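Student: Kindly generate the corresponding structure for this input.
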Amino acid sequence: MATSLPIPESTEPQGRSIAPIWHTALLLIIMLGISALGAGQEKAGLSHRARVGMYVLTMGVEWLTVAFALWGIRWQKRITVRELIGGKWQRPEDFLLDLAIAIGFLLVSFLVLGGLGYAMGLNKQVEDVKKLAFLAPRGVLEISLWIAVSCTAGFCEEVMYRGYLQRQFTAWTNMVWVGVIAQGLMFGASHAYEGGRRMILIAIFGMMFGVVVMLRKSLRPGMMTHASYDIIAGLALSVLAK
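Tutor: Numbers count the residues shown, from 1 in each chain. Reported below is the predicted structural model:
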């Protein structure tokens with residue numbers, strides 16, 4: 001297999017790259033391919049069974065993609081998964097600090113994204129809500145699965161974007177801000193199913209996550225915020241879509 005061949009040192013970017021360049025290129029192609037497929041599918045009027053299947057499929061794809069990302073990190077052997085996430089909590093105070101950061105970030109996110117959305121006119125676009133209505137969970141089973149999907153996204157996407165990609169782009173350029181911005185743009189591009197203007201908003205959101213990771217040196221507050229934001233957004237969408 002091609003992946004078993006040694007990668008010449010001359011093809012590796014400068015800095016402490018955490019995975020081979022071919023692996024990052026392939027991961028980006030996979031992410032954008034999934035995004036393009038999601039944008040091209042008709043999802044209006046999904047049945048209960050179809051939504052349940054979509055939630056389960058989404059979780060499966062997320063876990064397979066993050067497994068591929070972690071495999072690339074293990075291939076390079078320059079950082080452990082624990083180090084990528086931010087070590088471990090040594091004291092209860094460490095957990096409480098991350099929780100406080102997550103809660104504060106969640107509140108700031110709603111204010112910032114709400115304000116930007118208002119400025120972009122998204123609050124006036126009823127059609128935008130209707131386009132996302134297919135995501136809205138209905139009933140106990142769907143809500144339970146939605147929470148599971150949100151927690152999966154909170155872990156997997158933070159590892160892929162703020163863990164893998166932010167570190168990798170930073171290593172390639174030796175500039176942390178390039179890493180923050182580049183992974184944010186990729187985060188927005190990976191949500192093509194939400195439409196162009198929301199992709200811009202999501203890219204900004206991704207950069208905000210990147211700043212938190214840069215300052216805290218840990219993915220955990222972002223994971224908490226990401227999962228909580230998705231849970232709240234999904235439940236709110238369920239109410240608005242009725």
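
Student: So for stretch 110-126, mean pLDDT?
Tutor: Across stretch 110-126, pLDDT averages out at 80.

Student: Other residues contacting it?
Tutor: By Cβ atoms under 8 Å, 6 or more residues apart in numbering, the residues outside stretch 110-126 that reach it are 128, 197-198, 200-201, 204-205, 208, 229. C-beta: built from backbone N, CA, C; applies to glycine.

Student: and with 10 Å instead?
Tutor: By Cβ atoms under 10 Å, 6 or more residues apart in numbering, the surrounding residues in contact with stretch 110-126 are 105, 128-129, 131, 195, 197-198, 200-202, 204-205, 208, 229, 232-233, 240.

Student: buried set for it?
Tutor: 113, 117, 122 (16 or more other Cβ atoms under 10 Å).

Student: Can you redo those residues as a markdown table, where the extra columns are distance to residue 212 and secondary structure?
Tutor: Listed next are these as a markdown table, based on distance: Cβ to Cβ, whole Å; DSSP: H, G, I helix; E, B strand; the rest coil:
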| residue | distance to residue 212 | secondary structure |
| --- | --- | --- |
| 113 | 14 | helix |
| 117 | 20 | helix |
| 122 | 23 | helix |
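
Student: sorry, back to before: restricted to helices, list the contacts of stretch 110-126.
Tutor: 105, 128-129, 131, 197-198, 200-202, 204-205, 208, 229, 232-233, 240 (DSSP state H).

Student: what separates stretch 56-72 from the chain centre, distance-wise?
Tutor: 12 Å (Cα atoms, centre = their mean, to the nearest Å).

Student: Only C-alpha atoms, please: export it in PDB.
Tutor: The C-alpha trace of stretch 56-72 is given here as PDB (Å, rounded to 0.1, in the frame of the first residue of the first chain):
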ATOM      1  CA  VAL A  56     -26.600   7.800  13.200                       C
ATOM      2  CA  LEU A  57     -24.700   8.100   9.900                       C
ATOM      3  CA  THR A  58     -23.400  11.600  11.000                       C
ATOM      4  CA  MET A  59     -22.000  10.100  14.200                       C
ATOM      5  CA  GLY A  60     -20.400   7.300  12.300                       C
ATOM      6  CA  VAL A  61     -18.800   9.600   9.700                       C
ATOM      7  CA  GLU A  62     -17.500  11.900  12.500                       C
ATOM      8  CA  TRP A  63     -15.900   9.100  14.400                       C
ATOM      9  CA  LEU A  64     -14.300   7.500  11.300                       C
ATOM     10  CA  THR A  65     -12.900  10.900  10.200                       C
ATOM     11  CA  VAL A  66     -11.400  11.700  13.600                       C
ATOM     12  CA  ALA A  67     -10.000   8.100  13.800                       C
ATOM     13  CA  PHE A  68      -8.200   8.800  10.500                       C
ATOM     14  CA  ALA A  69      -6.900  12.100  11.900                       C
ATOM     15  CA  LEU A  70      -5.600  10.400  15.000                       C
ATOM     16  CA  TRP A  71      -4.000   7.700  12.900                       C
ATOM     17  CA  GLY A  72      -2.000  10.300  11.100                       C
END
